[in-house]
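after the sequence you'll find the predicted model.
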Amino acid sequence: MFGYKGKQVRDNIHSHDLMNAFWYFYQNPRPGEVYNMGGSRHSNCSMLEAIALCEELSGRRLDWSYQEQNRVGDHIWWVSDVSKFRAHYPEWEYKYTLRDTMEQLFASAEKRMAAAEIFA
């Protein structure tokens, strides 16, 4: 982890929610419009929160290290503003939270690892 004491925040959007946004746009296109898409305030976390959640879900401690120097050009906080998209497509809603997304990622990884052990 690089800089900001691990408190840098990023938003995360589930692929279903993003594809659903594409579907709404496809149904009623607005040519030339530009939208920010991401988890916004609905689904975001700091690096430290992400590590804690991964450790909770996996039941294991993660092996990670910290360097005081942040990455060049890195933002301490980035949460997408999806208000323009929501104003244009008010029917669109998030379905998945950050926890939902992470639980699905872990379940999928467990399946792949179990399958790999069968063929190892």
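That came in fine, so what should we check first?

what packs against the top helix by length along the chain?
Counting by DSSP state H, the longest helix found in the chain is helix 98-119. Here helix 98-119 touches helix 47-58, going by 3 or more C-beta pairs under 8 Å, 6 or more residues apart in numbering; DSSP states H and E. Bear in mind the C-beta positions are built from the backbone N, C-alpha and C, glycine included.

for the helix it packs on, name the packing helices and strands.
Secondary-structure packing of helix 47-58 (3+ C-beta pairs under 8 Å, 6+ apart): helix 98-119.

go through the helix it packs on and flag the buried ones.
Residues of helix 98-119 classed as buried under the neighbour-count rule (16 or more other C-beta atoms under 10 Å) are 98, 101-102, 106.

before we move on, what about stretch 16-23?
Under the neighbour-count criterion of 16+ other C-beta under 10 Å, stretch 16-23 has 17, 20-21 buried.

stretch 28-36 too?
By 16+ other C-beta under 10 Å, the buried positions in stretch 28-36 come out as residue 35.

now that stretch: how far from the chain's centre is it?
Distance, stretch centre to chain centre, for stretch 28-36: 22 Å (C-alpha atoms, centre = their mean, to the nearest Å).

what's the span of it from first residue to last?
This stretch, stretch 28-36, spans 17 Å end to end (C-alpha to C-alpha, to the nearest Å).

thinking again about what came up before, export the buried residues of helix 98-119 as a markdown table, with columns for distance to residue 80 and pLDDT.
Converted to a markdown table, the buried residues of helix 98-119 look like this (distance: C-beta to C-beta, whole Å; pLDDT from 0 to 100):
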| residue | distance to residue 80 | pLDDT |
| --- | --- | --- |
| 98 | 13 | 96 |
| 101 | 15 | 96 |
| 102 | 18 | 95 |
| 106 | 24 | 93 |
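
now compare those residues and name the two farthest from each other.
Spatial extent of the buried residues of helix 98-119 (C-beta to C-beta) is set by the pair 98 and 106 at 12.6 Å.

perfect, I'm done here.
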